[in-house]
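**Q** Next one to model:
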Amino acid sequence: MICPKCGHKNDTDATFCENCGTNLRSSFSDGFSRKPIKKEGGINKSGKILIVVCIILIAGLGITAGALIEMNKVSTVPVTNNSSVSQTVNPTNNAPVSNSQYKTFSNGEIYFQYPSSWNVLPNTANIMAIVGFSNYPSFSVYDESKYGYTSLAAYSSSSKSQMIANGYTVLSEQNNIVDGLSGDEIVYQGQSSDGKMITQQMELVEKTPGSQYFALVGVDNTDNYDQDSSAFNQIINSFKFTS
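**A** Numbers count the residues shown, from 1 in each chain. Now for the predicted structure:
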């Protein structure tokens, strides 16, 4: 038996240390000889917390993945025959129009497309063409080269002065291109000779500077102008000089 005080090796049945006299029995009973501490079986507290955290994370990932799958299903559901999609067509764009919507006017000097429901009306000496209806809407083409205008600006100024003198108000004015040529667009509003309020969309075109000037004029009842202006714009956009 080893003495816990001096380390001397004594006989197994010795009560006192032969070297220092220490009571070997009481020393061991006081705690110098201790039984090894047994480790508590199972998982300690830190391990349990780690497992709980892992379970929560896995559950959260599962819920997120499920939500993403459901969202993807919703976004890829095909449209059934019970639903319909409508498309809006802008009648004033430059896309080609079908023959069923428009007819063609051509007299060897000018060319344009006009609504198929309109008619070609009798024209007078200074009108190259007139289409539409006798009570509006109507669209006319005038050759005003004989009046001796020297520029598009002079032509526009003179035309505007005459219209204002006749009681018309200028609603808008802007530069425009007709058949690749410079032009001025002026929209007027006023009272016709029969007392009706009318709106005139006038395109003044310079074909040859200083010599050739033309007026393209759409006329309509003011109440109907907004719905018929697309027909005027189609005529203007399709208009061409052929000679």
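**Q** that's a helix at V53, yeah?
**A** Yes - counting by DSSP: H, G, I helix; E, B strand; the rest coil, V53 is part of a helix.
**Q** and it, how far is that from S46?
**A** Counting by Cβ to Cβ, to the nearest Å, the separation of V53 from S46 is 11 Å. Using the backbone N, CA and C atoms, a C-beta is placed for each residue, glycine as well.
**Q** which residues do those two both contact?
**A** Common contacts of V53 and S46 (Cβ atoms under 8 Å, 6 or more residues apart in numbering): none found.
**Q** beta partners for the residue nearest to N175 when sequence neighbours are not counted?
**A** Excluding its sequence neighbours, the residue lying closest to N175 (Cβ to Cβ, 6 or more residues apart in numbering) is D184, at 6.2 Å. D184 has these beta-bridge partners by DSSP bridges: N175, L204.
**Q** D184 and L204 touch, don't they?
**A** Yes - counting by Cβ atoms under 8 Å, D184 does reach L204; the two are 4.8 Å apart.
**Q** Quick check: neighbours shared by those two?
**A** Residues touching both D184 and L204 by Cβ under 8 Å, 6+ apart: 152, 155-156.
**Q** Can you lay out those residues as a markdown table showing secondary structure?
**A** Listed next are these as a markdown table, based on three-state DSSP:
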| residue | secondary structure |
| --- | --- |
| L152 | helix |
| Y155 | helix |
| S156 | helix |
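**Q** D184 and L204: who's more crowded?
**A** Neighbours were tallied for D184 and for L204 using other Cβ atoms under 10 Å; the higher tally belongs to L204 (25 against 21).
**Q** For the more buried one, which residues are in contact?
**A** With Cβ under 8 Å, 6+ apart, L204 has these contacts: 152, 155-156, 159, 183-186, 213-215.
**Q** likewise S182?
**A** Contacts were defined as Cβ under 8 Å, 6+ apart; by that measure S182 touches 152, 175, 205-206.
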